[in-house]
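**Student:** Sequence isn't available, so here's the structure alone:
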């Protein structure tokens, strides 16, 4: 029988059997200690940690991240605080509606469809060099467009900071070139979306003003034609002006009639047999008849100027109102064009898409350590629960 050799004891040269006995007993002790490990600790801590080491150390593919930042500026809209105040000092402000539109478009199926033209996106993320857990379609992924869209949302992220009005676009890919390329394409699509919305708004604004001008022109032409037709039918240009002329003429005739009657009275008094008396009487009667006739043309009959003036005034007012409406519509059109030019919103790049020079994900050591810590936490909680249940049963 050999004596038991304690760990840490040094042996003289040549005692090979004692060395072999020492290592055998040490291995036996390790095996006994391993058997003492509870199955719960093995399941919750050791196995997950070993799997994390296997995945993060040998399976997980390197992920390259390309980032860009942009904002949407407009010369008229109000700005919040932060970096927007700097833009405002230079005469520009952010355009919040366009920012949200660009953000939603980048995260939409239309953006994916444009990005995946000729299967460019699918080829980049389904390369054989990518691990089966990370590529598309990998483990647990289908091959439909909806599956690709779910995968796309995990690789493309858009965040909008309301305090600074800056949008951060992040693209994750498995090669630096793909990450920068897709980021640049998405940024160009965001710019195109803002330009499209801006152009649509300009066209709608101008088209509405042009429609108002067209309607005002039709009303103005209709009113002018109605006034012209009435003048031709009534045979008058302006009843009020013509009535003024008629009144002035009647006034002159009345003055002449008074002078004739005065002369007639004097002649009859001075020389009753004067042959001029008959001439003066005839002239006075003619002047009186003419005055009555002219008064009839001004008022007192259905074809008098006074009766025609009411309808003429209505047509004239409609014509004047239509002309004013046309002038107002044309002024609104000019204002709409100026307003459309002032409402130009465009994407201002703050940070260009970068080409990453090293992978930032996965964070391997952090993943392994997090798995180990979570496993310990789960083991401790479950152990306490089991101990409590056993103690309660006893």
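**Tutor:** Everything's here; your move. This structure is a prediction, so every number in the text was calculated from the model and none was measured.
**Student:** all contacts plus neighbour counts: C-alpha atoms, from now on.
**Tutor:** Fine.
**Student:** Residue 275: how many residues sit nearby?
**Tutor:** Close neighbours of residue 275, defined as other C-alpha atoms under 10 Å, add up to 10.
**Student:** Identify the residues contacting it.
**Tutor:** By C-alpha atoms under 8 Å, 6 or more residues apart in numbering, the contact list for residue 275 is empty.
**Student:** So what does it look like in phi/psi?
**Tutor:** Torsion angles at residue 275 (phi, psi; degrees, to the nearest 10) stand at phi -60, psi -20.
**Student:** Tell me if residue 354 really is in a helix.
**Tutor:** No. Checked against DSSP: H, G, I helix; E, B strand; the rest coil, residue 354 lies outside a helix; its state is coil.
**Student:** Tell me the spacing between it and residue 372.
**Tutor:** Distance, residue 354 to residue 372, by C-alpha to C-alpha, to the nearest Å: 34 Å.
**Student:** the more surrounded of these two?
**Tutor:** Each of residue 354 and residue 372 has its neighbours counted (other C-alpha under 10 Å); residue 372 has more, 21 against 17.
**Student:** Now stretch 225-232: average pLDDT?
**Tutor:** Taken as a whole, stretch 225-232 has a mean pLDDT of 76.
**Student:** And it, what's buried?
**Tutor:** Residues 226-228, 230-231 are the ones in stretch 225-232 that count as buried (16 or more other C-alpha atoms under 10 Å).
**Student:** Strands of this structure, residue ranges please.
**Tutor:** For the chain, the strands defined by DSSP state E occupy 64-74, 93-94, 156-161, 166-173, 346-351.
**Student:** which of these is buried the deepest?
**Tutor:** By mean neighbour count, with neighbours taken as mean count of other C-alpha atoms under 10 Å, strand 93-94 ranks first of the strands of the chain at a mean of 27.
**Student:** If you average pLDDT per helix and strand, which one of the chain comes out bottom?
**Tutor:** helix 83-89 (a mean of 43; mean pLDDT, DSSP states H and E).
**Student:** Show me how the record splits this structure into domains.
**Tutor:** Domains of the chain are assigned by automatic domain parsing as 34-60+364-385, 64-209+342-351, 235-334.
**Student:** what residue lies at the spatial centre of the chain?
**Tutor:** Per C-alpha atoms, centre = their mean, the C-alpha nearest to the average position across the chain is that of residue 98, at 3.5 Å.
**Student:** Check the burial of the closest residue to that residue other than its chain neighbours by counting its neighbours.
**Tutor:** Residue nearest to residue 98 in three dimensions, not counting chain neighbours: residue 194, with 5.9 Å by C-alpha to C-alpha, 6 or more residues apart in numbering. By the measure other C-alpha under 10 Å, the count of residues near residue 194 is 24.
**Student:** wait, what's in contact with residue 194?
**Tutor:** Under the criterion of C-alpha under 8 Å, 6+ apart, the neighbours of residue 194 are 98-99, 101-102, 345-347.
**Student:** I'd like those residues as CSV, with distance to residue 70 and pLDDT appended.
**Tutor:** Shown next, in CSV, are the contacts of residue 194 (distance: C-alpha to C-alpha, whole Å; pLDDT from 0 to 100):
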residue, distance to residue 70, pLDDT
98, 12, 80
99, 9, 85
101, 13, 85
102, 10, 87
345, 13, 72
346, 10, 73
347, 7, 82
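**Student:** Let me see the ranges of the helices in the stretch 251-394 of the chain.
**Tutor:** Along the stretch 251-394 of the chain, the stretches classed as helices by DSSP state H, counting those that start in this stretch are 276-298, 305-342, 364-393.
**Student:** Between strand 64-74 and the second one, find me the angle.
**Tutor:** Yep, that's helix 305-342 we're talking about. Put simply, helix 305-342 runs at 150 degrees to strand 64-74, going by axes from the mean of the first three to the mean of the last three C-alpha atoms, to 10 degrees.
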